[in-house]
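Peer 1: below: sequence and its predicted model.
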Amino acid sequence: RKEVEQDPGPFNVPEGATVAFNCTYSNSASQSFFWYRQDCRKEPKLLMSVYSSGNEDGRFTAQLNRASQYISLLIRDSKLSDSATYLCVVNPLGDMRFGAGTRLTVKP
Amino acid sequence: SAVISQKPSRDICQRGTSLTIQCQVDSQVTMMFWYRQQPGQSLTLIATANQGSEATYESGFVIDKFPISRPNLTFSTLTVSNMSPEDSSIYLCSVVQNTEAFFGQGTRLTVV
């Protein structure tokens, strides 16, 4: 079993749509969780951290379910500029473990 | 935030040769991480570089193939040795500050 698993997609959605990505992780001792965004031919950059109580940043909402070892990212009112690959990242022992990424394309 | 300068940004190399990738960080960090990202794939950790000690390699990666130097707290190099076409990939260095990972711009390596 992979340490971090994501649905690779691709997700093709129209502008304005709501889209959700899911991620599961295998190491129950993991303490830190993140969503990163990677644009084509660019390095990954932090989108948002994921907190136990869930957190929201504008159109983006992240949720964590420790019991199920499950993380989600919800994007509301999708914009063309949201097109990218979204990486689920887990930090079990001080180093980052990356999911394979979910590719999102938002179309006009 | 940390700013990382990575070079070269890309290279095309002959099989059997070696390439050394450099990363310079604008602040002192204890650990630096080296990743590989193959086309359409996510990041795979190669090794963790610690200043003053040997790097720690992940399963499937060995020092003879990917020697790492870490001469001080702001600099590290990764060498891809005796290259084959299977080594064609993007290589990224990374540091973690306040739980956030920062990356170099990546080195796009093509082995022919």
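Peer 2: Structure received. Numbering: from 1, shown residues only, chains lettered A, B, ... in the order given.

Peer 1: what helix or strand is the most centrally placed residue in chain B on?
Peer 2: The residue lying closest to the centre of chain B (C-alpha atoms, centre = their mean) is B:Trp34, at 3.7 Å. Using DSSP states H and E, B:Trp34 falls within strand B:31-37.

Peer 1: and for B:Leu78?
Peer 2: Taking DSSP H and E as the definition, B:Leu78 sits inside strand B:75-80.

Peer 1: that strand - contacts with which helices or strands?
Peer 2: Contact here means 3 or more C-beta pairs under 8 Å, 6 or more residues apart in numbering or on different chains; DSSP states H and E; on that basis strand B:75-80 packs against strand B:19-25, strand B:31-37, strand B:43-50, strand B:68-72, strand B:89-97. Just so you know, the C-beta spots here come from the backbone N, C-alpha and C atoms, and that holds for glycine as well.

Peer 1: how about the residues of chain B by chain A?
Peer 2: With the criterion set to C-beta under 8 Å from any C-beta of the partner chain, chain B comes near chain A through B:31, B:33, B:35, B:41-45, B:48, B:92, B:94, B:96, B:99-101, B:103-106, B:108.

Peer 1: just the buried subset of the residues you listed, please.
Peer 2: B:31, B:33, B:35, B:42-45, B:48, B:92, B:94, B:96, B:100-101, B:103-106, B:108 (16 or more other C-beta atoms under 10 Å in any protein chain shown).

Peer 1: quick one: stretch A:80-98 near chain B?
Peer 2: Yes - on the criterion C-beta under 8 Å from any C-beta, stretch A:80-98 is in touch with chain B at A:87, A:89, A:91, A:94-98.

Peer 1: can you tell me which two in those are farthest apart?
Peer 2: Put simply, by C-beta to C-beta the two of those set farthest apart are A:Leu87 and A:Gly94, 18.1 Å from each other.

Peer 1: looking at these two, which is more packed in?
Peer 2: A:Leu87 (26 against 13; other C-beta atoms under 10 Å in any protein chain shown).

Peer 1: next secondary structure after the least confident helix or strand in chain A by mean pLDDT?
Peer 2: Each helix and strand of chain A was given a mean pLDDT (mean pLDDT, DSSP states H and E); the minimum falls on strand A:97-98 at a mean of 89. Using DSSP H and E, the helix or strand that follows strand A:97-98 in sequence is strand A:102-107.

Peer 1: buried sites along that following strand?
Peer 2: A:102-104, A:106.

Peer 1: so how far is chain A from the residue lying farthest from the centre of chain B?
Peer 2: In terms of distance from the mean C-alpha position of chain B, B:Asn98 ranks first, at 21.0 Å (C-alpha atoms, centre = their mean). Per C-beta to the nearest C-beta, to the nearest Å, B:Asn98 is found 10 Å from chain A.

Peer 1: please report phi then psi for that residue.
Peer 2: phi 50, psi 40 (degrees, to the nearest 10).

Peer 1: just the pLDDT for it.
Peer 2: At B:Asn98, the model reports a pLDDT of 82.

Peer 1: how close does it sit to A:Phe34?
Peer 2: 12 Å (C-beta to C-beta, to the nearest Å).
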